[in-house]
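Engineer: Need coordinates for the following:
(4 chains)
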Amino acid sequence: MAIFCRAETKILVQGITGRDGGFHSKSMLDYGTNIVAGVTPGRGGQTFESKVPIFDNVADAVAETGAEASVIFVPPAGAAGAVFEAAAAGCKLVVCITEGVPTIDMVKIMPYLEERGVRLVGPNCPGFINPGQKAKLGIMPGNIVAPGPVGLISRSGTLTYEVVDALTKAGLGQTTCLGIGGDPVIGTNFMEALMAFHADKETKALVMIGEIGGDAEERAADYIKSNMNIPVVSFIAGRTAPPGKRMGHAGAIVTGGTGTAADKKAALEAAGIPVADRPVDVVPLLKEIWKEAP
Amino acid sequence: MAIFCRAETKILVQGITGRDGGFHSKSMLDYGTNIVAGVTPGRGGQTFESKVPIFDNVADAVAETGAEASVIFVPPAGAAGAVFEAAAAGCKLVVCITEGVPTIDMVKIMPYLEERGVRLVGPNCPGFINPGQKAKLGIMPGNIVAPGPVGLISRSGTLTYEVVDALTKAGLGQTTCLGIGGDPVIGTNFMEALMAFHADKETKALVMIGEIGGDAEERAADYIKSNMNIPVVSFIAGRTAPPGKRMGHAGAIVTGGTGTAADKKAALEAAGIPVADRPVDVVPLLKEIWKEAP
Amino acid sequence: MNIHEYQAKEIFRAAGLNVPPGRVAATVSEAEALAEEYGLPVMVKCQVLTGGRGKAGGVKFCDSMDDVRTHAGNILGMDIKGHTVHKVLVTPAETIAEEFYVGMLVDRNSRRVLLMCSAEGGVEIEQVAKDNPDAILKYPIDPRYGLMDHEAMTIAMKMTTDVKKARQLAYGMQRLYVAFTHADASLAEINPYIFTDEGVGKAIDAKMNLDDNALFRHSDFEALRDLDEEDASERAAREADLSFVKLDGNVGCLVNGAGLAMATMDLVAYYGGMPANFLDIGGSSNPDKVVNALDIILRDPNVEVILFNIFGGITRCDDVAKGIIAATERMDIKVPIVVRLTGTNEAEARELLAETDLVPAATMDEAVQKALASVGK
Amino acid sequence: MNIHEYQAKEIFRAAGLNVPPGRVAATVSEAEALAEEYGLPVMVKCQVLTGGRGKAGGVKFCDSMDDVRTHAGNILGMDIKGHTVHKVLVTPAETIAEEFYVGMLVDRNSRRVLLMCSAEGGVEIEQVAKDNPDAILKYPIDPRYGLMDHEAMTIAMKMTTDVKKARQLAYGMQRLYVAFTHADASLAEINPYIFTDEGVGKAIDAKMNLDDNALFRHSDFEALRDLDEEDASERAAREADLSFVKLDGNVGCLVNGAGLAMATMDLVAYYGGMPANFLDIGGSSNPDKVVNALDIILRDPNVEVILFNIFGGITRCDDVAKGIIAATERMDIKVPIVVRLTGTNEAEARELLAETDLVPAATMDEAVQKALASVGK
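Structural biologist: From the prediction side, this is the model:
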């Protein structure tokens, strides 16, 4: 059934009339996503692509359309405010695509979301796509995915597409492809995503795309070892990254000897999770350990 | 049974070694109050009056003694912090005696208390005394009260004593005498105190000592009219107070023609609550409408 | 503590509100120099701690330097509701296309800072509140999260449908909240928040009251206190940490506790007299405090009798009696003093007083009646 | 963005921390003048954006003006881990009775600001973390309420049993949190927070990293950026809004997306080559951005081949191809360029590239292998 979102989940887009918001909303609609409303202050009463009603604020959009989830394409200065607004209006799922959100803003949001039981994905992430549900919340290219039994979690964007593309071309479709983002403070983290996939009956195998920095992969390895029994393979980016240098993502930095690709590989392999040397090796590695692969 | 506190409720005092805290803690103990702990940072391990153990912080005091309620005698700069500490440590009742607490500090505390279901009385209040339970949380003089069926709510201190003294001398003992304080933002307000008395089976009559400013008395009048059927009498201080001048209590100010003693008297009388012209008239007024008075 | 418009504007400006430039002048020539600096037209605005300054003729538009001279000259020294104008604010005059009211106060019912907003700006908000309460939108702010973007924007969009103006207004509300909480205000108002013909939002008037209880953490605010505005006896009371309000009668009241002090005033009136003051002496039996309180009350030549009403409570009455006796011995007091002391050690106290000229009383009522009798009522 | 000790100290001081006075000198005579002003003894401390300044000889105690001249002279111009010292901080030397470590960072696991505190101050905290992790107390701060009094005090009392010192330390933590959140820091450290022989607590060293994502709301912080400390190509990348890190190899990499960029570097290494850089060009197909990126990479004389690895995804590959072609036409590039473009409109893109000298590749692996082949690997 995939995670986080079903075909019938009613979705709204904050910042639907912006340059990026408009472009990706159209792409989401084209994919078949159930977008019921858009929000842009001052544009209430208009429509997007002649069909999606636009509202001045999320509360109005939720009241009128029953939207349950929001995808945010609002510039960094307003992104945290947009998450607050979505949560305040009752959305239980918020996907924040925006790159460059101040970290303290995310810290301040977290208890608000916890108080209300709201799941946040992102910020600074590609969002996710559920091919079997025709639901795309974010910017993942719809043309490289296919329905199937593989779940995919990643901390990055285009590297994910690379692997998803390879899976699809090898006939391994996906339940959900999820990019959680590379910022230091994010909503749904690696572990929480893992638990969601664990709870999803249709996900029969898992691919994890990690990168240097933090210890999310090590924690995931522990969890998988103790709790899960579906095949899992991994790839870790950043083997050649020098310590102390931030590799684009605010979170991708090796500090004090921790968070190296070698650490992560060791932890994963100790948990019985093969780690691919190259992105292209993910598919054969998965087929090798997954006897029932389609 | 009186409100907020029973004889066996375990009480701690924050600021027990201070000048005021020490004086009043001794007075509470002398009255028979079940003080199980005191808190003063740096004095942990000592004892107060050779019997009450002192702790460095409230968490330790609660862990060691099972204290459930706290009375705070901490200077204004630290008073709000002391309330946070008591609530964080699990106290469900906090009585803050301190005068001069910044109002914004109280505003910031409120959601923290609401999240944890903590009742606050005060700040800037005399606290309360339950004569039948031998429980005194605050600074009300124990020698002027007596056990009995009258509940008393007041926004002030010494004026309350004046009336309590008269009640006791007239043979009208009290379930609880409560001073909620005169600050603009307080924990338990007039209405909440009223509801607590309403729920107390032993309180057979009620005296309300109000004063100018705000509309607590008007709201109380509405509540009593719709919900309560025990005899209630009132006194309102500040008939001669000029508008726009603050009469000591930060809350006692007549603004824009609202909050006058005349307004309050009218509202109370419209709800069937007699309002005494002089403090000394409270007792005969109460006896007049309370046929079953002891 | 109330502060002047120009002081409130400094605080608003520091918090990021768009406030036009402006400085105060104490003389006509200073006002002229400022007008030269800003360029005409300017506004000349009296700086006194009372409302209705415009109606009283204390706020003037100046199109020429002659205007500046004339108006500054008229306004400086003017009396407005008992306040003498010592300073005028000179600030560029703005074109006003639209006016809004934005205010905040601590609301006792919600126990939160309450945002108030109205499209009927520039007029007395108390009047709007009376005539058309629905025209004022009220919104309590969650202190954990502050005034969130969407809250401010939703409220602003109810004030104006122009989204560019709404964004400025929303930002203004958020900055006002920052100013309010950082300064520990009890009231902050922008009336009006205007939009110029070019659509630029500005706070062109400002009002702020500061929480006296929080002054201890704002050492810089003491400099904002305008000693010219304060009555000498009220200042002395503040400095002696006494709560005091001067009234018009002849019975000087010294009471412990604000509620009892008010009730004592009421009782004086009940028996046909007139209280000379409100004074809460607190719980202390310190003779110094009693001396200070007596000193302040006796500055008022109308006072013909002194009435102490003390409910001992926790404080021991004999201690208080000693304080009163010590104080009266240190001062040369020509008016009769009635003392009512009740509570702990009341008997001992009465014994002490018996050896003095002080007039003892057992109850509030008796004390008030004796005081009034001594002035022939 | 990392800032210098003296800049962090300014921020700490403004937030209410007790920081001794101190200013920077760029010459020996300036350092002498400051030492005269503060009085001996003073510390002369190199201001470079790297750790281990003391070990490198960049921090000196000066008991005499001769010391000041000698040490300032030695330190100014000194090279510390590749950083040239342009400025020294001159500050009064303090007597040190006790040293503590107080730090804060944004913690990804708790998603909160994490307070770190240790009684082992004055030494490298990374070393303490490794050798004796229990010596560092860690406490996540609730952003709704900040670091509450009792939280700070309870932690401080675990550091010292002297309640007067604990109060200062607790207050220091609270002020550090205010500094941290107001400045949008990602890291703030006081190491050491000392107590003098007289028991006065002071922050005598300071470190702060600011969140690049939040610089837009701190226009004043741009002035804190030390352009001397920044590599020219890294500065150009920052100004062009590109994420760039210089490395030691000869394969210049232009990739869209940070994860794919790292994976590309890794793949270069996998096939036996060495990447010259990390560069995330983002999602744009704007030729200007491609020009800027190429310009930055080609500043490095080691670069012998350029490797584009673009996964079109939402961006159309033909758009990106046009951007690359336009950019290469505007520049005179002497090294081979391998281009791998995949995703939407991949075929059209390949057609466009067919008419150029650019070397096309269908996959990451093919692209890396072709790039390495062109440099003889």
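
Engineer: Secondary structure of C:Glu30: a helix, I assume?
Structural biologist: Yes: per DSSP: H, G, I helix; E, B strand; the rest coil, C:Glu30 lies within a helix segment.

Engineer: pLDDT score assigned to it?
Structural biologist: Looking at C:Glu30, its pLDDT is 97.

Engineer: what's the distance between it and chain B?
Structural biologist: C:Glu30 sits 31 Å away from chain B, taking CB to the nearest CB, to the nearest Å as the criterion. Placement of C-beta: from N, CA and C, glycine included.

Engineer: Please tell me how far that residue sits from chain A.
Structural biologist: C:Glu30 is 41 Å from chain A, where distance means CB to the nearest CB.

Engineer: Now do that residue: how many residues are near it, please.
Structural biologist: Neighbourhood size, C:Glu30 [other CB atoms under 10 Å in any protein chain shown]: 17.

Engineer: What of C:Arg238?
Structural biologist: Counted with other CB under 10 Å, the burial measure for C:Arg238 works out to 15 neighbours.

Engineer: would it count as being in a helix?
Structural biologist: Yes: C:Arg238: assigned to a helix according to three-state DSSP.

Engineer: Let me see the ranges of the helices in the stretch 151-294 of chain A.
Structural biologist: If DSSP state H, counting those that start in this stretch is used as the criterion, the helices of the stretch 151-294 of chain A fall at A:158-169, A:190-199, A:216-227, A:261-270, A:282-289.

Engineer: For chain D, find the nearest of those.
Structural biologist: helix A:158-169 (3.2 Å; CB to the nearest CB).

Engineer: what residues are up against A:Thr203?
Structural biologist: Residues near A:Thr203 by CB atoms under 8 Å, 6 or more residues apart in numbering or on different chains: A:Ala2, A:Ile3, A:Pro149, A:Val150, A:Gly151, A:Thr175, A:Thr176, A:Phe197, A:Ile230.

Engineer: Look up the closest residue to residue 286, ignoring the ones flanking it.
Structural biologist: Because you didn't say which chain, this covers chain A. Closest residue in space to A:Leu286, ignoring its immediate chain neighbours: A:Val233 at 4.7 Å, by CB to CB, 6 or more residues apart in numbering or on different chains.

Engineer: if you could check chain C rather than the one you did, that'd help
Structural biologist: Spatially, and ignoring its direct neighbours in sequence, C:Asn286 is nearest to C:Gly323 (6.2 Å; CB to CB, 6+ apart).

Engineer: How much space separates that neighbour from chain D?
Structural biologist: 34 Å.

Engineer: Same check on C:Met104?
Structural biologist: 20 Å.

Engineer: what mean pLDDT would you report for the one helix or strand that residue maps to?
Structural biologist: Using DSSP states H and E, C:Met104 sits in strand C:98-107. For strand C:98-107, mean pLDDT rounds to 95.

Engineer: what does stretch C:348-358 give?
Structural biologist: Throughout stretch C:348-358, pLDDT has a mean value of 88.

Engineer: How about stretch A:8-15?
Structural biologist: 98.

Engineer: How about that stretch and chain D, any contact?
Structural biologist: No: Stretch A:8-15 is not in contact with chain D by CB under 8 Å from any CB of the partner chain; minimum separation 15.0 Å.

Engineer: That stretch near chain C anywhere?
Structural biologist: No: Stretch A:8-15 lies apart from chain C when judged by CB under 8 Å from any CB; the minimum separation is 9.7 Å.

Engineer: Would you pull up the residue in the stretch 1-150 of chain A closest to chain D?
Structural biologist: Counting by CB to the nearest CB, the stretch 1-150 of chain A gets nearest chain D through A:Pro102, at 3.6 Å.
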